[in-house]
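> Got a predicted structure plus its sequence, pasted below:
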Amino acid sequence: MKNTLINISIHILLVFMLASCTQEDKSNYSNNEKITGLSLSSNQVTTSDTLVLTFPQKHPARLAIKDPKDRYFILHDEALNTPLMSHKQYMQTTTLSIKVSKITGVTWINGKRTNKQVFSVPGEYMIYMADNLETEPENTFYLMKSIIYK
Amino acid sequence: MPEHYSLEKDVTLPIDIKAKVKKIADKYHSFTKKDIVVTSGIRTSQSQADAMYGKLSGGDKLTVYGQQTAAQKIRKIYDAAVKAKKTKDQIIADIKSEIDDQIKKQIYISKHLRKGAIDVRSRDMSNTEKDKLKLAAKGIAIKVILETTPPHFHLQL
């Protein structure tokens, strides 16, 4: 967990350094706006991989992953105090780099909140970013992409 | 008497719908001693158009929509507006106008464009509590659906 946070912190720091360098450069900001949708560094991962998520500057406020058993793990939600990063950092970044073996998320087991490792069973996972994680996708701003965990 | 329901940020409900939510919440509380959380309410065609613009400009093909004919019509309107180099506000206005036309024909691109549509938090409920919510809504809600993508209750009041 500690290592994950350090990895993420380093990455975010780099993203912020780059962002601050180009803050006044309107052409770079426009290029960033041209990134459409959510893209992943690979469409399949193993436990030793690092998953890189790239998304537009204007992106949904929450991040979750659905596993092959249809369980949702919330990685970022300001209201849930998820530990991934601060909400301000999350809303400013356009890239997330996370070690697959270290990804944890908030989930509920029979109504009880718990924090669990996300990638545990092989199969298709769905990365789901949405403004509202408790409504139908057609009723909120969302981005999603599936990935195979081997 | 304290309310046994709360509304998530940005959720507003008309008075008559609020009264129904209160009835369900009071019943649910009498069964479980717990309160309910309304996570989404009724949506206007303007906010639906804003959200759809966000999806389309992010490259979404709108395949998630159940009403595919209506969704693809909106996509075509978006594509035509982009091609005509319309501004963001003009494109959203075009989408809103199409959504309004669809509503007149009783075609709802989102269930939340219907009056009385709400979502209720289910993730913090045990299986027994989920059954109690269905029981509490009986006779008040027209429809209660336990959605799984992502998890929540959808109620048509």
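Received the coordinates, thanks. Numbers count the residues shown, from 1 in each chain, chains lettered A, B, ... in the order given.
> check which helix or strand covers the spatially most central residue of chain A.
The residue lying closest to the centre of chain A (Cα atoms, centre = their mean) is residue A:63, at 5.1 Å. For residue A:63, the host element (DSSP states H and E) is strand A:62-66.
> buried residues in stretch B:142-157?
B:144, B:150, B:151, B:152, B:153, B:154, B:155, B:157 (16 or more other Cβ atoms under 10 Å in any protein chain shown). Yep, even glycine has a C-beta here, placed from its N, CA and C like the rest.
> So the last one is in contact with residue B:22, correct?
No - contact between residue B:157 and residue B:22 fails when scored by Cβ atoms under 8 Å: they sit 11.2 Å apart.
> Distance check, the closest residue to the residue nearest to the centre of chain A other than its chain neighbours against chain B.
Distances taken as Cβ to Cβ, 6 or more residues apart in numbering or on different chains place residue A:76 nearest to residue A:63, at 4.1 Å, with adjacent residues excluded. Separation of residue A:76 from chain B (Cβ to the nearest Cβ, to the nearest Å): 14 Å.
> which ones are touching the residue nearest to the centre of chain A?
Listed by Cβ atoms under 8 Å, 6 or more residues apart in numbering or on different chains, the contact partners of residue A:63 are A:74, A:75, A:76, A:77, A:84, A:90, A:96, A:127, A:128, A:129.
> cool, residue B:117 as well?
The neighbourhood of residue B:117, defined by Cβ under 8 Å, 6+ apart, consists of B:41, B:42, B:43, B:111, B:154, B:155, B:156, B:157.
> and which of the residues you listed is nearest residue A:37?
Checking the contacts of residue B:117 against residue A:37 by Cβ to Cβ gives residue B:43 as the nearest, at 22.9 Å.
> my guess is the closest one is in a strand, correct?
No - read with DSSP: H, G, I helix; E, B strand; the rest coil, residue B:43 is coil and lies in no strand.
> what's the burial count for the nearest residue in space to it that is not next to it in sequence?
Nearest residue to residue B:43 in three dimensions, chain neighbours excluded: residue B:112, at 4.1 Å (Cβ to Cβ, 6+ apart). Per other Cβ atoms under 10 Å in any protein chain shown, the neighbour tally for residue B:112 reads 24.
> State the pLDDT value of residue B:112.
The model reports residue B:112 with a pLDDT of 89.
> got a list of what it touches?
Contacts of residue B:112 by Cβ under 8 Å, 6+ apart are A:135, A:136, A:139, B:40, B:41, B:42, B:43, B:48, B:119.
> how about it, phi and psi?
Dihedral pair for residue B:112: phi -80, psi 0, per degrees, to the nearest 10.
> pretty sure the residue nearest to residue A:63 is in contact with residue A:88, am I right?
No - using Cβ under 8 Å, residue A:76 is not in contact with residue A:88, being 11.7 Å away.
> higher neighbour count, these two?
residue A:76 (24 against 9).
> ok, now which ones touch that one?
Taking Cβ under 8 Å, 6+ apart as the test, what residue A:76 contacts is A:62, A:63, A:82, A:84, A:85, A:87, A:90.
> hang on, the earlier thing: out of the buried residues of stretch B:142-157, which is nearest to residue A:114?
residue B:151 (14.7 Å).
> hang on, the earlier thing: may I see the contacts of residue A:76 arranged in TSV, with pLDDT as well?
Below are these laid out as TSV (pLDDT from 0 to 100):
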residue	pLDDT
A:62	96
A:63	97
A:82	90
A:84	87
A:85	91
A:87	95
A:90	95
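> Which ones among the residues you listed lie within helices?
Residues of the contacts of residue A:76 located in helices (DSSP state H): A:87, A:90.
> Among the contacts of residue A:76, which pair sits farthest apart?
Taking Cβ to Cβ, no two of the contacts of residue A:76 sit farther apart than A:62 and A:85, at 12.8 Å.
> between these two, which one's more packed in?
residue A:62 (25 against 19).
> quick one: residue B:144 is in a strand?
Yes - under three-state DSSP, residue B:144 falls within a strand.
> from what I can see it touches residue B:155, true?
Yes - look at residue B:144 against residue B:155 with Cβ under 8 Å: they come within range, at 5.4 Å.
> Can you check which residues contact both of those two?
residue B:137.
> how many other residues sit next to residue A:114?
11.
> Next: residue B:124.
14.
> same question, residue B:102
Neighbours of residue B:102 using other Cβ under 10 Å come to 21.
> Ok, the one 3 residues further on next?
Other residues within reach of residue B:105, judged by other Cβ under 10 Å, total 8.
> Check what pLDDT it gets.
pLDDT, read off for residue B:105, is 95.
> ok, it to residue A:81 distance?
Distance from residue B:105 to residue A:81, counting by Cβ to Cβ, to the nearest Å: 44 Å.
> same for the helix or strand bottoming out on mean pLDDT in chain B, what does it pack against?
Sorted by mean pLDDT, DSSP states H and E, the helices and strands of chain B end with helix B:45-57, the least confident at a mean of 87. On a contact count with 3 or more Cβ pairs under 8 Å, 6 or more residues apart in numbering or on different chains; DSSP states H and E, helix B:45-57 meets helix B:68-83, helix B:88-104.
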